[in-house]
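Undergrad: Predicted model follows, preceded by the sequence.
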Amino acid sequence: MVNLIAIVGTNSDKSTNRTLLEYMQKHFETQANIELVEIKDLPLFNKPDDKTLPDNAKALAEKIEAADGVIISTPEYDHSVPAALMNALSWLSYGVVPFVDKPVMITGASYGTLGSSRAQQHLRQILDAPELKARIMPSSEFLLSHSLQAFDGDGNLVDEENITLLNGLFADFLHFIEIMSQLNQAHAANKAHAENFSWDNQ
Ligand SMILES: Cc1cc2nc3c(=O)[nH]c(=O)nc-3n(C[C@H](O)[C@H](O)[C@H](O)COP(=O)(O)O)c2cc1C
């Protein structure tokens, strides 16, 4: 079975994105081990002189490095990703390169009608940065709009169309992981490039 890390893309204690990932963890438990990880205890990013990461950022990087794939669920704040998620990605691209060639599935939930579509577009762009360089599943979006009304009291998605779409996208993601494991001819070079890349030497 594949091992996936699911990043809760917010520091809010109450989050429909966390509910979505908890639902996926349970709903897909026969297909994948999904471990939810939190970003709320990471300190605010501020380039440490010696590139030493805080222990919790280092531990998160190690989990991502070891995983077969990553799911990131993002809320939408002011048409982009929350500062807490950007903060986590800054730590995860500073002196560590766990995302290089890592298969990533993006999901998102927001209270509005568009269900985090603009945040998801930004997240794709961010994950393409030279020190992140993830393999983002193409041409796929799971946009959970009106997310406050999307779950029942047990945290299950209520809309059958949403469930059908999520089932399909998750099945695709498992295939995507397999396919990406074959597209690995440039992995060593990509990793070396990301490791040696520095914005400080421009
Ligand atoms: C500062 C701020 C900006 C927001 N901007 C948007 C937005 O641009 N689009 C949107 O659909 N929802 C927006 N929202 C509502 C969020 O979708 C909602 O607060 C929530 O973060 C959804 O994710 P969560 O349940 O995981 O926290 C905003 C909320 C805040 C606090």
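TA: Right, received. Where do you want to start? Numbering: from 1, shown residues only.

Undergrad: what residues are up against the residue positioned nearest the centre of the chain?
TA: Centroid check for the chain by Cα atoms, centre = their mean gives Ile72 as the closest residue, at 2.2 Å. Ile72 makes contacts with 6-7, 9, 85, 104-107, 123, as judged by Cβ atoms under 8 Å, 6 or more residues apart in numbering. (Glycine included, C-beta is placed from N, CA and C.)

Undergrad: let's see 7 Å
TA: Neighbour list for Ile72: 7, 9, 104, 106, 123 [criterion: Cβ atoms under 7 Å, 6 or more residues apart in numbering].

Undergrad: In terms of helix, strand or coil, where does the first one fall?
TA: Meaning Ile7. The three-state label given to Ile7 by DSSP: H, G, I helix; E, B strand; the rest coil is strand.

Undergrad: Do a quick rundown of the strands in this protein.
TA: 2-8, 32-37, 69-74, 103-109, 135-136, 142-144 (DSSP state E).

Undergrad: Output those strands as a markdown table; include the columns mean pLDDT.
TA: Formatted as a markdown table, those follow (pLDDT from 0 to 100):
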| stretch | mean pLDDT |
| --- | --- |
| strand 2-8 | 98 |
| strand 32-37 | 98 |
| strand 69-74 | 98 |
| strand 103-109 | 98 |
| strand 135-136 | 98 |
| strand 142-144 | 97 |
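
Undergrad: Kindly reformat those as CSV containing distance to Phe197.
TA: Below are those laid out as CSV (distance: least, Cβ to Cβ, whole Å):
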stretch, distance to Phe197
strand 2-8, 22
strand 32-37, 25
strand 69-74, 20
strand 103-109, 19
strand 135-136, 17
strand 142-144, 31
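
Undergrad: Out of these, flag the one nearest the ligand.
TA: Relative to the ligand, the nearest member of those by Cβ to the nearest ligand atom is strand 103-109, separated by 5.4 Å.

Undergrad: From the ligand, how far off is the residue lying closest to Gly95 once chain neighbours are set aside?
TA: Nearest residue to Gly95 in three dimensions, chain neighbours excluded: Lys51, at 3.7 Å (Cβ to Cβ, 6 or more residues apart in numbering). The gap separating Lys51 from the ligand is 31 Å, by Cβ to the nearest ligand atom, to the nearest Å.

Undergrad: same thing with Asp152?
TA: Look at Asp152 and the ligand: by Cβ to the nearest ligand atom, they are 16 Å apart.

Undergrad: List the contacts of that residue.
TA: Shown in contact with Asp152 (Cβ under 7 Å, 6+ apart): Val158.

Undergrad: for the one 4 residues further on, same thing?
TA: Listed by Cβ under 7 Å, 6+ apart, the contact partners of Asn156 are Tyr23.

Undergrad: now do 6 Å
TA: Listed by Cβ atoms under 6 Å, 6 or more residues apart in numbering, Asn156 has no contact partners.
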